[in-house]
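just to be clear, the model below is a prediction. Sequence and coordinates:
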Amino acid sequence: MFRFAICVALACLPLWLSGCSATQAEAEHEHHHAHGSPPTFEGLVKRVRKQHHWAAQAASREDVKHFQRELRHFTESVGLLPELAAETDLNRADWDRANAAAKVLIAESVRLGQTKTPLADSERKSVDGAFQTLDELAAKLPAQRSDTNE
């Protein structure tokens, strides 16, 4: 079931890349969209962490469109993690770790989209572990110029 959910999420990713519109709810914070990808893996890791937070916050609100937009941004960015990791100096084992972390976060995106509820402790451990892995991998890379406006 887990693999099926990941496959469905990845298959739907192109549909979610349909663009964005500005609303007052979106103006609450600065968005970084996948189509304006950061030039570094480290920048994308920071973006994904923020977008997960925003999507989780939006899940508790009444505005369904806002939640769907936040979730789409998070999912789009997570989908870019393996691609951007492959463009770095990370070795194959580290890329595999980045890819595995991305799969955990895609599963979180699917879960959040279906339930719109906060993480249970058991789920939080898995998601926190994925973010920790991504942070560790980003720290392995040489300092790079980042234009991510973080």
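All right, it came through fine.

which non-adjacent residue is nearest residue 61?
residue 67 (6.5 Å; Cβ to Cβ, 6 or more residues apart in numbering). For every residue, glycine as well, the C-beta is placed using N, CA and C.

ok, the one you found touching residue 57?
No - using Cβ atoms under 8 Å as the test, residue 67 is too far from residue 57 to be in contact (9.1 Å).

of the two, who's got more company?
Legend: neighbour count by other Cβ atoms under 10 Å for residue 67 and residue 57, higher for residue 67 (22 against 15).

next SSE downstream of the helix or strand containing that one?
Applying DSSP states H and E as the criterion places residue 67 in helix 64-86. Later in the chain than helix 64-86, the nearest helix or strand by DSSP H and E is helix 92-115.

which ones are touching the residue lying closest to residue 102 once chain neighbours are set aside?
Of all residues not flanking residue 102 in the chain, residue 81 sits nearest, at 4.2 Å (Cβ to Cβ, 6+ apart). Applying Cβ atoms under 8 Å, 6 or more residues apart in numbering, we find residue 81 in contact with 41, 44-45, 48, 98-99, 101-102, 105, 134.

got CSV for those, with distance to residue 74, neighbour count and pLDDT too?
Output for the contacts of residue 81, formatted as CSV (distance: Cβ to Cβ, whole Å; neighbours: other Cβ atoms under 10 Å; pLDDT from 0 to 100):
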residue, distance to residue 74, neighbour count, pLDDT
41, 17, 26, 94
44, 12, 25, 94
45, 13, 24, 95
48, 7, 26, 95
98, 16, 25, 97
99, 17, 14, 97
101, 14, 27, 98
102, 12, 24, 97
105, 8, 26, 96
134, 13, 26, 97
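
turn the residues you listed into TSV, columns for distance to residue 119.
Shown next, in TSV, are the contacts of residue 81 (distance: Cβ to Cβ, whole Å):
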residue	distance to residue 119
41	24
44	21
45	19
48	15
98	21
99	22
101	16
102	17
105	12
134	17
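
among these, which one sits closest to residue 77?
Nearest to residue 77 among the contacts of residue 81 is residue 48, at 4.9 Å by Cβ to Cβ.

ok, and the closest one, which helix or strand is that part of?
With DSSP H and E as the test, residue 48 turns up in helix 41-59.

what angle separates that helix from helix 64-86?
Interaxial angle, helix 41-59 versus helix 64-86 (axes from the mean of the first three to the mean of the last three Cα atoms, to 10 degrees): 160 degrees.
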